[in-house]
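# give me a 3D structure for the following:
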Amino acid sequence: MTLMPDMQKTRDPRNIPINKVGVKDISYPIIVMDKNKTLQHTVARVNMYVDLPHHFKGTHMSRFIEILNHYRENIALDKLEVILQRMKEKLGASRAHLEMEFPYFVEKQAPVSKAKSLMEYTCEFIASLADTFDFILGIRIPVTSLCPCSKELSRYGAHNQRSTITVRVRYREFIWIEDIIELIESCGSSPVYSLLKREDEKFVTEQAFENPKFVEDIVREATQKLMGSDNITWFAVEAENYESIHKHSAYASIERDKASS
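As a prediction, the model looks like this:
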């Protein structure tokens, strides 16, 4: 059998190392435990990278998929460090990175009728391993925001819109996705629900009207709540209001490293 050349291991003369090289946008099943202690089987969009020394021409892209297949029954939060270590070993790298974005479902109860439905949230696992393991949990949380300026100026009502609060956190001890959602959801004018009856619509509409929020208010309130948690060591929070009377969105963001302050 003819020996096939390994082009990736050939030397590159340009003397330029690469920070991240790998594969993106792999659709793959993963397992996430929810606060009810049940397992959610969901499908993530996965990105996998390693660093590449200056003297190698390329990395072996197929090995990323081989690693995923090897852990196919155990791709979960508690296995991320093991997977990253395997990436470093198999690809001869000093740093490995793994990103997963996936839908996560929480049973939510309407405020008045108590009707139950599943609410979808987009979550992220962002993990890396060099000398130490680093992990960031990210969640996108939809809310309603009602404009304080519109309420103040208008004779009738006020304009409101759906908004998205994106929060990413580092923490000391394990924290449930549901707890972050509950913490951040209260920073909008009103929560968003999958199922509302008429009495619920009345309640959330009036709740938003009595609780107007600029996009600046949202990120400041989220910052206050996150700063109040001893478990969270770093966070980045951003809010985007998909304006109902403007063509543009309104946006604000805040980042804090509590560990260094």
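
# can you pull out the strands in the stretch 101-250 of the chain?
116-129, 133-146, 160-171, 190-191, 232-241, 250-257 (DSSP state E, counting those that start in this stretch).

# pLDDT averaged over the first one - what is it?
To tie it back to what came earlier, the one meant is strand 116-129. Strand 116-129 shows a mean pLDDT of 97.

# just checking, what packs against it?
When contacts are defined as 3 or more C-beta pairs under 8 Å, 6 or more residues apart in numbering; DSSP states H and E, strand 116-129 sits against helix 80-91, strand 96-109, strand 133-146, helix 177-185. (Glycine included, C-beta is placed from N, CA and C.)

# how about the strands of the stretch 101-250 of the chain in CSV, adding mean neighbour count and distance to Ser27?
CSV is the format used below for the strands of the stretch 101-250 of the chain (neighbours: other C-beta atoms under 10 Å; distance: least, C-beta to C-beta, whole Å):
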stretch, mean neighbour count, distance to Ser27
strand 116-129, 17, 15
strand 133-146, 20, 19
strand 160-171, 20, 22
strand 190-191, 21, 30
strand 232-241, 22, 26
strand 250-257, 14, 29
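
# any idea which of these gets closest to Thr59?
Among the strands of the stretch 101-250 of the chain, the nearest to Thr59 by C-beta to C-beta is strand 116-129 (16.0 Å).

# what's the angle between that closest one and strand 96-109?
Strand 116-129 runs at 160 degrees relative to strand 96-109, counting by axes from the mean of the first three to the mean of the last three C-alpha atoms, to 10 degrees.

# if we can go back for a sec, of all the helices and strands packed on strand 116-129, which lies closest to Ala239?
Going by C-beta to C-beta, the one of the helices and strands packed on strand 116-129 nearest Ala239 is strand 133-146, 7.9 Å.

# partner strands of that closest one, parallel or antiparallel?
strand 116-129 (antiparallel), strand 160-171 (antiparallel), strand 190-191 (antiparallel) (DSSP bridges).

# could you export that strand as CSV, CA atoms only?
What follows is strand 133-146, C-alpha atoms only, in CSV (Å, rounded to 0.1, in the frame of the first residue of the first chain):
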residue,chain,number,x,y,z
PHE,A,133,-9.9,25.2,31.9
ASP,A,134,-12.1,28.2,31.2
PHE,A,135,-15.9,28.1,30.8
ILE,A,136,-18.5,30.7,29.9
LEU,A,137,-22.3,30.1,30.0
GLY,A,138,-24.3,32.3,27.6
ILE,A,139,-28.0,32.7,27.3
ARG,A,140,-30.2,34.9,25.1
ILE,A,141,-33.4,35.9,26.9
PRO,A,142,-36.3,37.6,25.2
VAL,A,143,-38.3,40.2,27.1
THR,A,144,-40.7,43.1,26.4
SER,A,145,-39.5,46.7,26.8
LEU,A,146,-41.7,49.7,26.9
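
# state the mean pLDDT of it.
Summarised as a single mean, pLDDT over strand 133-146 is 97.

# so that it lines up with my notes, have the first residue be 21 from now on.
Will do, 21 is the new start, and the previous item becomes strand 153-166.

# quick one: that strand to helix 100-111, angle?
Using the same axes, to 10 degrees: strand 153-166 against helix 100-111 is 130 degrees.

# that older thread, now the strands of the stretch 121-270 of the chain in JSON lines, with distance to Val63?
Shown next, in JSON lines, are those (distance: least, C-beta to C-beta, whole Å):
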{"stretch": "strand 136-149", "distance to Val63": "12"}
{"stretch": "strand 153-166", "distance to Val63": "17"}
{"stretch": "strand 180-191", "distance to Val63": "20"}
{"stretch": "strand 210-211", "distance to Val63": "26"}
{"stretch": "strand 252-261", "distance to Val63": "25"}
{"stretch": "strand 270-277", "distance to Val63": "28"}
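
# quick one: which of those strands is nearest Arg106?
Arg106 lies closest to strand 136-149 among the strands of the stretch 121-270 of the chain, at 9.9 Å (C-beta to C-beta).
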